[in-house]
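**Q** Would you be able to build a 3D model of this:
(chains A and B)
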There are 2 protein chains.
Amino acid sequence: MHKHQVQLMCLCDCCGCAEIYWEGGEEKQTQKHPFRICCCFVLCCRPPKLREISWLLFVFFSSDIEISRAQSPKAVDVLAKEIGLLTDEIEIYGQTKAKVRLSLLERLKDQPDGKYVLVAGITPTPLGEGKSTVTIGLVQALTAHLSINSFACLRQPSQGPTFGVKGGAAGGGYAQVIPMEEFNLHLTGDIHAITAANNLLAAAIDARILHENTQSDKALYNRLVPAVNGVRGFSAIQLARLRRLGIYKTDPDTLTEEEVRKFARLDIDPSTITWQRVVDTNDRFLRKITVGQANTEKGFIRQAQFDIAVASEIMAILALTTSLQDMKERLGKMVVANDKKGEPVTAEDLGVTGALAVLMKDAIKPTLMQTLEGTPVFVHAGPFANIAHGNSSVLADKIALKLVGEKGFVVTEAGFGADIGMEKFFNIKCRASGLVPSVVVLVATVRALKMHGGGPNVTAGAPLKKEYTEENLQLVAGGCCNLQKQIQIAQLFGVPVVVAVNIFKTDSAAEVDLVCKIAKQSGAFDAVPCNHWSAGGGGAVKLAQAVEEAARQKTSFKYLYSLELPIVEKIRIIAQKVYGAQDIELSPAAQSQVDRYTQQGFGNLPICMAKTHLSLSHQPERKGVPTGFILPISDVRASIGAGFIYPLVGTMSTMPGLPTRPCFYDIDLDPITEEVKGLF
Amino acid sequence: MHKHQVQLMCLCDCCGCAEIYWEGGEEKQTQKHPFRICCCFVLCCRPPKLREISWLLFVFFSSDIEISRAQSPKAVDVLAKEIGLLTDEIEIYGQTKAKVRLSLLERLKDQPDGKYVLVAGITPTPLGEGKSTVTIGLVQALTAHLSINSFACLRQPSQGPTFGVKGGAAGGGYAQVIPMEEFNLHLTGDIHAITAANNLLAAAIDARILHENTQSDKALYNRLVPAVNGVRGFSAIQLARLRRLGIYKTDPDTLTEEEVRKFARLDIDPSTITWQRVVDTNDRFLRKITVGQANTEKGFIRQAQFDIAVASEIMAILALTTSLQDMKERLGKMVVANDKKGEPVTAEDLGVTGALAVLMKDAIKPTLMQTLEGTPVFVHAGPFANIAHGNSSVLADKIALKLVGEKGFVVTEAGFGADIGMEKFFNIKCRASGLVPSVVVLVATVRALKMHGGGPNVTAGAPLKKEYTEENLQLVAGGCCNLQKQIQIAQLFGVPVVVAVNIFKTDSAAEVDLVCKIAKQSGAFDAVPCNHWSAGGGGAVKLAQAVEEAARQKTSFKYLYSLELPIVEKIRIIAQKVYGAQDIELSPAAQSQVDRYTQQGFGNLPICMAKTHLSLSHQPERKGVPTGFILPISDVRASIGAGFIYPLVGTMSTMPGLPTRPCFYDIDLDPITEEVKGLF
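**A** Numbers count the residues shown, from 1 in each chain, chains lettered A, B, ... in the order given. Predicted coordinates for the structure are as follows:
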């Protein structure tokens, strides 16, 4: 088995030196460098006290990007070699990123998979509870501190919000993916590829409607099947369409008038178009627009919208696909509208499948990066967690599971609370991949538990109330019901739970102890405090040990529902068993969509609930464990290519906006050093 | 001096062998490979006759992408080493592309520049005359056949049209950039970066108007300058704005009400917004749209449009910038609208300069690729040739001129005919770069000359009329007036002209001879036929020799007009001296814009004419050398960041559409081999 090598460097800048120590024990070097981070206090040229003071000063005054920048990442080809990739299995993008080829899955197909760990969370505050930092802290602990192979698999963040409210998403403190500016910006272009593919399809829909509406059957057919150098022939994509229509002719001149019409007209009903354009920008003015108002479009205006790029179904496909062939099939199956007879119209009907696959041919390869402590990370796919399933890619997880080997760990993260992200991870992602998870790490914070226990509102941007900065055991105890419920949800799937209490400096020891005690009483395999944010992997060693122990448990993983059940029944199971709803109630629109999808043959897909993440119920203000509510399903939609039905519980915004003072006020580039400032 | 190394490989597949021969003479290797192209017939294991037959068969049956694929590109790090780049000066993107760091300009600042060659064309048919293939054929001839260092600098093509009508733009036949699918698709993400930056600015404009319209001065100010942990402060970008407003305070609490208002309100007049959103997709339905129709935008709807991404001013900036610092300044200076007092509002006023620079930090580095014969190519920037200047980047040219050394050649291409692309190259690009061109290569085809001589219309997609496939010396002679005029235009700038006649298989020897004869009589330094399309660099050796000879001439390069002249006077000089117009006529709207820009202090910028490329006049149907026309200027606009005023001569479409049968019907991806099919 290969060993991941770890760079351990001296923090204190007094001596101007830094040591690089290869934990594999093969090599030991000294390098001059004035200011580096010592990951684990293993090596230092100063006595412990001075070392710790300088460390604390550094932590205190450092922003995430400063911490990220203070650590030089190792060259990605070195990392790739360390984790056992062959030279022709990677495509390097700059010094710190590489795409990994899918051919590796074939080479390692007989290698047993490692342990598969999901990081999920309790119902969060709007500030988030730190699932990403736990994910990164955990792999740093496993590999850099316990010498166990591990991989973190993360979602690629949307670039739009980086300049809006949210800032970066590379983890934080001493549990980060580096360089964080690469992680948060274009990365290796996957989201740009999705944007291009998504919008090509959107343009093809409107252009096709225009051309069909302004041409006779014959003119349309002659343009679709032109004579090239006097010879007329169908393209491969057109022959496939003919076969779908039950026409088994290959000579364009032999089609009957009726066949010409069937072939040439998709007859899209514009009012049924569900395919939207996307941009990776927070552009609220594109939430509802009218398109086609130029004279050249001859009056075929219609109302449309732009979503943020990661809301594209193509992102969900990227996250769920298992191979290039599978991706191509899923892209072709995407339903974009109905025709005037109510039949689904697909990307394949528009003849665009091949072009979409070409645009996505590099995006399908996961991107390799590293944590602050030099351990490997895959960043791949980042679908929405409401209208999509909110998990990183199946392919990254599969490749990572081969690379870490049987005794290694792959830690992957699900968006939102466990009621949403984890439920979808099990019922949608694991179903697509066939992978069986070993452990769930459930992230909780004292802050969020206090909120569930009746603490005041927590709002992004506003200062925290004193309930959150002073010890309050009563609020904590009151809020642990949410933690208990989320543990029980994980247990529905037969997977052991380790609770990770993500420690903030204002948390008291008594508060943390209380959470751990209640977690264990509630059925968690273990519950441990984590200090990875301030201390890196060293702060998550106990968590890593607990996870390793839990992974030795025998699991009996099972899905929550059978795909064969009717759509409404599947929705009800999730609502009742996971959310604790009394029942569900479908609007007439939702019921009619259910009927339509069932009639169109899409009834056997899994369910992807689009619900607020701020409550187990549909009402964000209901904290703790709400009961007795009827979950209202306002509409039901489908991502046929991705392969799920998504019921809407309320309105989901798919386009964020820019606030009065967006993040970009603080973002700058130093033209001399090329350093990015102000990302956090 | 370094030598470019050239791979020469065996074509005939009968023996299953291919030789790699390093022309530098240092190394000679044999490699097994079944089917490679022999660039120059230097090495082959079969007798000449058989060799040539297999070559011809290959040429006959090959599409551009098949030719591209049949030649395996050398690894880009090998290429980088060959041309003298240091390891830390490149950032590799996969096996065949790399970005080159600008630090190289500092390292080689004392190295004399090479010779600077511009490839321009006569007034083209809608099919294009092959400037890109001449550019590539010429460098292949120089380096692979004459052992002279050279670099081709090309524009990055827009991805949208690749799936629409146009197909790829990597050159063609045996004068191509490879791999062509990489060249034509995402490349290294520069256009995606432009899209992201452009749209962030667009979103910032509308969001700012909304926030200003819905908040009091005080609320707006409090949000713009919030207290963070009880402390209120201006960000660097806000302090800069205060200084521009003449307010030299640093404590947010000391501003007067009037100062608060001035600081917090940009007061953008929505009717004056010139900044449009962009996508790199042919999406005709976005040509005119209404935005802001969702309830959340509170009724602030307005009419807007999307342009294709390469029409963004940021693309023009990328093409003209000379450093990161310069790019940042240009981005900040971009004028996006006027305020209600008629003063320009810039990106800097919106506080977004730093974020735009961050998004563009990698795009500023030119992308290194290679020709089919293994010689180096920079692909960098691809601004529109009508509303912008249509030339590849200054930075790529500058770096290439250092890399080729004093005796080497950099061949760069200008869009459209010489009356547009070349004029802008000299007056806009050379002014921005300070570089002095040595030679103009003017590309002509017998086909286009026949059109100018009165031949029937040439239309994309329709079969060519017999006038174009049979010898017709009279039409050729009649059309040479256009060639003569374009030569004279180049001579206005004091640069010698070599005419390259791009040979098609239907051209007769007598026709080609006639063109060469007339060209020389018209003042060209030389005129030579070129067969690079069918024969690679070997087919352009005579051209290379002529260019080398011409570059020895003493030049007296001069701009056509002084920047100090009034805007209207500069327009008139171009119209009269270059286009041969009798005079110009400004619409009232155009005149009022001229007055406004002059008053705003932008009168000293160069002029970038937005005119049809299909005629020297404004009327595309007027071929040859039209005279006696009055050039109508319908409107005048400005790209202040890029640094030019652009008068509109007629309507320019900035968003192409998809036809009834778009290219994507033929595009596919083989999921097993990962090969792209159908790009051409």
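
**Q** of all the residues in the stretch 1-150 of chain A, which ones are close to chain B?
**A** Within reach of chain B by CB under 8 Å from any CB of the partner chain, the stretch 1-150 of chain A has these residues: A:91-95, A:99. Every C-beta, even on glycine, is put in place using the N, C-alpha and C of the backbone.

**Q** so which of those is the most crowded?
**A** Taking other CB atoms under 10 Å in any protein chain shown to define a neighbour, the member of these with the most is A:Y93, carrying 27 neighbours.

**Q** can you count the residues close to the residue lying closest to A:V441 once chain neighbours are set aside?
**A** Among residues not flanking A:V441 along the chain, A:V119 sits closest, at 4.6 Å (CB to CB, 6 or more residues apart in numbering or on different chains). Look at A:V119: counted by other CB under 10 Å, it has 32 neighbours.

**Q** Take the residues of the stretch 1-150 of chain A next to chain B and keep only those in helices.
**A** Among these, no residue falls in helices (DSSP state H).

**Q** And the strands in the stretch 101-250 of chain A, which stretches?
**A** Here the stretch 101-250 of chain A has its strands, by DSSP state E, counting those that start in this stretch, at A:115-121, A:150-154, A:171-172, A:175-178, A:227-228, A:231-232.

**Q** starting at the chain centroid, how far to the fifth one?
**A** Remark: strand A:227-228 is offset 46 Å from the chain centroid, using CA atoms, centre = their mean, to the nearest Å.

**Q** which strands and helices sit next to it?
**A** For strand A:227-228, there is no helix or strand it packs on, judged by 3 or more CB pairs under 8 Å, 6 or more residues apart in numbering or on different chains; DSSP states H and E.

**Q** Parallel or antiparallel, which strands does that strand pair with?
**A** strand A:231-232 (antiparallel) (DSSP bridges).

**Q** Likewise for the longest one?
**A** On the basis of DSSP bridges, the sheet neighbours of strand A:115-121 come out as strand A:409-413 (parallel), strand A:439-444 (parallel).

**Q** per-residue confidence averaged over it?
**A** For strand A:115-121, mean pLDDT is 97.

**Q** Quick one, which of the strands paired with strand A:115-121 gets closest to B:E549.
**A** strand A:409-413 (64.2 Å; CB to CB).

**Q** and A:Q325, how many neighbours?
**A** 14.

**Q** and the angle from the longest helix belonging to chain A to helix B:190-213?
**A** When chain A is parsed with DSSP H, its longest helix is helix A:190-213. Per axes from the mean of the first three to the mean of the last three CA atoms, to 10 degrees, the angle that helix A:190-213 makes with helix B:190-213 is 80 degrees.

**Q** For A:A98, give me the pLDDT.
**A** We have a pLDDT of 97 for A:A98.

**Q** I'd assumed A:T367 was in contact with it.
**A** Yes - look at A:A98 against A:T367 with CB atoms under 8 Å: they come within range, at 7.1 Å.

**Q** How many neighbouring residues does A:G233 have?
**A** A:G233 sits with 13 neighbouring residues when counted by other CB under 10 Å.

**Q** mind checking how far the closest residue to it other than its chain neighbours is from chain B?
**A** In this structure, A:G233 finds its nearest non-sequential neighbour in A:P252, 6.7 Å apart by CB to CB, 6+ apart. A:P252 sits 12 Å away from chain B, going by CB to the nearest CB, to the nearest Å.

**Q** so what's A:P252 up against?
**A** Counting by CB atoms under 8 Å, 6 or more residues apart in numbering or on different chains, A:P252 touches A:221, A:225, A:232-234.
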